[in-house]
Every structure is written in C-alpha cells, then in structure tokens.
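Enquirer: Coordinates for the following, if possible.
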Amino acid sequence: MASLEMQYRIDPKSGNRLSALGFGCMRLPGNAELREKLIVSAVADGVNYFDTAYMYPGSENSLGGALKKNNLREKVFIADKLPHFRCKNAGDVEKFFAESLKRLQTDYIDYYLIHNIGSLEAWERLSELGIKEWVTAKKARGAIREIGFSFHGKSVDFKPLLEAYDWDFCQIQYNYMNENFQAGTAGLKLIREHGMAAIIMEPLLGGKLAQKLPRPAKAQFDRVTPDRTPAAWGFKWLWDKPEVTVVLSGMNSMEQLSENIKTVCGTPAGSLTEDERAAYGKAEGAISAVYKIPCTGCNYCMPCPHGVNIPGCFTAYNMSYAMGFSAGMQIYFNSTAVLGPTASGPGKCTRCGVCLSKCPQGIRIPDRLSEVRKHLEPLPVKAVIAIVKKIMR
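Expert: Numbers count the residues shown, from 1 in each chain. Next up, the predicted model:
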C-alpha cells in the first residue's frame, strides 16, 4: 500500500481534509482481532473518517477501543449518530450523547448526525425538545465539531429539511441505481449548493452491487473492463462526482480494504471514460430486471415483533430472480427455517405495521411479504412443507 496515495476531499464548511474513502462501522466483523486490524490498517493507509452510530450493536465500543489502544484518536474524524426516534425529552438527547462518548472513549465527536431522519416534521419535533439550543451549547464547548443528518425519506422532503437549519454536512444514500431515489442526484447537487460536505452511504446497496450483482449486469461491465470488480465499478461511479466528499464502505476483510484503497487512489473526480459511463446505464437496466424489492439488508426493520426474518425473506425473493428459483429457495429455507419450530417466514406476518416507519427504503413490507410467500411457497412447496412438518412432529 505504501506506493498508493490516499485521495482527500475538502469539507467546504470546516475546511477539514477528509479521506474520500470512509470506514462504515455498521457491519464490523465478529472477530475482535480482525476488527482492530482493519481499523488500524485503514488509518495507516490514509483513511481518516470513521462512521458509527449509537444503534449499531458493539460498533462504538469496537471503534473507540481500537483508536484508544493504538493512540489514533487525534488522527481521525469520528462520525456518530443520535437515535432521535428514541428521544422523548431533552434529557434523552443528552443521555444518548453521553453514552456514545463513553463507548468511544473520547470527549468530543467530530461529525454528529441526527440519525435516520426523513421529514421536516421529525426535525420540528426535535426542535420542540430544544435540540437547536443543545447543539449550540455542545459546539461552543467543542464536544460536537460539525452537525448534520442522515436522510431516509422522500425526495420532496429533502430540500425543506436541508434548509430548516444551518447544517454543516449531510449523509445520503446514493449509488448508480439510486439517482432518483430519496435525495438522489438532485439532493447531492443541493448539498453542494449549500456549501456542505456530502457523505455517501449504501454505495453498493448492501452488497447487491458487489458480490450479489446479477450476471447480466456484470457482463455489461466486463465488456469494458473485465478485470475490474463490481464493487470497484460501484465506487468509481461515486468518486467520479466532484460533489461527493466521502463514500462510506463497510469493510469486513483485509481484501476489501486493500481493493478499496486501490480504487479510491486511482479515481479522481471526472476520471470515467464515455464507455464506462455508458456501461452503468446498461448495468442498471439489467439489475432492475431482476431485483424486485429494494431491500439493502440494513436490519432497521428488525426485530419483527412476530418473528419474521424480513431481510432474509426479501433476499431470497430477489435471489430467486437474479440467480434462479432453486437458488432463491435454498436461501429461503435457510434464512427462514420454515420447517422448524422457530420458523421466521412471511406466513408469521400479522400486518401490524410496526416495520413500516422503520424502513429507510419506504418498502411496503407487509404487502411485499405477501408477494414473497406467494412466489416462494407455491402449492407444491406448501404441500412439501406440510408433509415434512407432520413427519417432524
């Protein structure tokens, strides 16, 4: 890695020099030694932006512990998030922030976000709790350096929310499949117009644009550059855009870290060729033809109060179109345990609606679960399930 030079982009508000590749800590690997190695190696390779959240199980503790142990805190920018939906009063805001500081073993957070906010109404509710005054006080003391929000809402709600407060930065879901989804390209340009840093999440749609890329889409890319991985294609599309400041990647292996470092170092803004740009459009069409449900596997909808493995059901459904019905069925049986006593398939859905407000993608989850069951449990399959269950009793 020593011969590669990290690409940095300037945060317009603060002037901070941020690595174009950020480390997303939502899905850190289970092995503690590997987690620390990834974090330390990323810093050594020039990554200086690390994104975590109060709601990511074990993430803050892992990141804070690794940075403290290796004396790296002052070399990086930490982004963390307030679970505003759990804040019932002003005291809750302070409680969650204090707990995050404790877990991270630090006394300040560089980039603090209102987590998973999708409407002006949600921000107005927080304002009534005194969030503006609280942020002002924290910034004055240096406990919060920059304030922003991660957006999970409809495109029409983005501009009013962006203009409702003097934000320092914004985090949006964006990739070559989501140009017109949520904030989208229009939102990215608005962020730039307001002189803010744009932090990108879900660059690979939870892996769907990487290891789960449908074969017809990969073929479109291979015609242009056969030795480039689908993940690299996904990242290059983003780093090609000058409005993008940081692209987050949830790296859980040294191989992924190495590839991403190589890709970011070789992709300055405006570097894509016309043939490469055309390949994205063709790949998008191929992907749209097979992925029916836009689930990224973020697990925000979980746990289901009735035990449905919602992301597992949707993955199986999509894979049945992308990789064939038998492949989808195998995933379905493995992820939902439909034959066992703790089955978590779509048949357990009661349409209670608890999941609806939690989904960043706005998926009508109960309706789509009905589709999953109809598709993956046709009459012959239902008959087999019934016979096997009877035998197992």
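Enquirer: okay, and for the stretch 151-300 of the chain, where does confidence drop off?
Expert: The stretch 151-300 of the chain contains no residues with pLDDT under 70.
Enquirer: in it, which spans are helices?
Expert: 155-162, 184-193, 215-222, 230-239, 254-265, 274-288 (DSSP state H, counting those that start in this stretch).
Enquirer: Just send those back as TSV, with distance to Q173 and mean neighbour count too.
Expert: All C-beta spots, glycine's among them, are computed from the backbone N, C-alpha and C. Shown next, in TSV, are the helices of the stretch 151-300 of the chain (distance: least, Cβ to Cβ, whole Å; neighbours: other Cβ atoms under 10 Å):
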stretch	distance to Q173	mean neighbour count
helix 155-162	11	17
helix 184-193	9	17
helix 215-222	19	18
helix 230-239	11	23
helix 254-265	18	18
helix 274-288	16	16
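Enquirer: Reformat those helices into JSON lines and put distance to D168 next to each item.
Expert: Converted to JSON lines, the helices of the stretch 151-300 of the chain look like this (distance: least, Cβ to Cβ, whole Å):
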{"stretch": "helix 155-162", "distance to D168": "12"}
{"stretch": "helix 184-193", "distance to D168": "11"}
{"stretch": "helix 215-222", "distance to D168": "36"}
{"stretch": "helix 230-239", "distance to D168": "21"}
{"stretch": "helix 254-265", "distance to D168": "23"}
{"stretch": "helix 274-288", "distance to D168": "31"}
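Enquirer: C313: which of the ones you listed is closest?
Expert: C313 sits nearest to helix 274-288 of all the helices of the stretch 151-300 of the chain, at 19.8 Å, using Cβ to Cβ.
Enquirer: Which secondary structure elements does that closest one sit against?
Expert: helix 215-222, helix 230-239 (3 or more Cβ pairs under 8 Å, 6 or more residues apart in numbering; DSSP states H and E).
Enquirer: between it and helix 230-239, how many degrees?
Expert: Going by axes from the mean of the first three to the mean of the last three Cα atoms, to 10 degrees, helix 274-288 is angled at 120 degrees with respect to helix 230-239.
Enquirer: And A322, what's its pLDDT?
Expert: At A322, the model reports a pLDDT of 71.
Enquirer: How much space separates S127 from R141?
Expert: 21 Å (Cβ to Cβ, to the nearest Å).
Enquirer: Counting neighbours, go ahead and name the busier of those two.
Expert: Between S127 and R141, S127 has the larger neighbour count (other Cβ atoms under 10 Å), namely 14 against 10.
Enquirer: could you measure the more buried one against D157, distance?
Expert: Distance from S127 to D157, by Cβ to Cβ: 16 Å.
Enquirer: likewise K212?
Expert: For K212 relative to D157 (Cβ to Cβ), the value is 29 Å.
Enquirer: try A327
Expert: 37 Å.
Enquirer: With distance to L162 added, can I get the helices and strands packed on helix 274-288 in CSV?
Expert: As requested, the helices and strands packed on helix 274-288 are arranged in CSV below (distance: least, Cβ to Cβ, whole Å):
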stretch, distance to L162
helix 215-222, 32
helix 230-239, 20
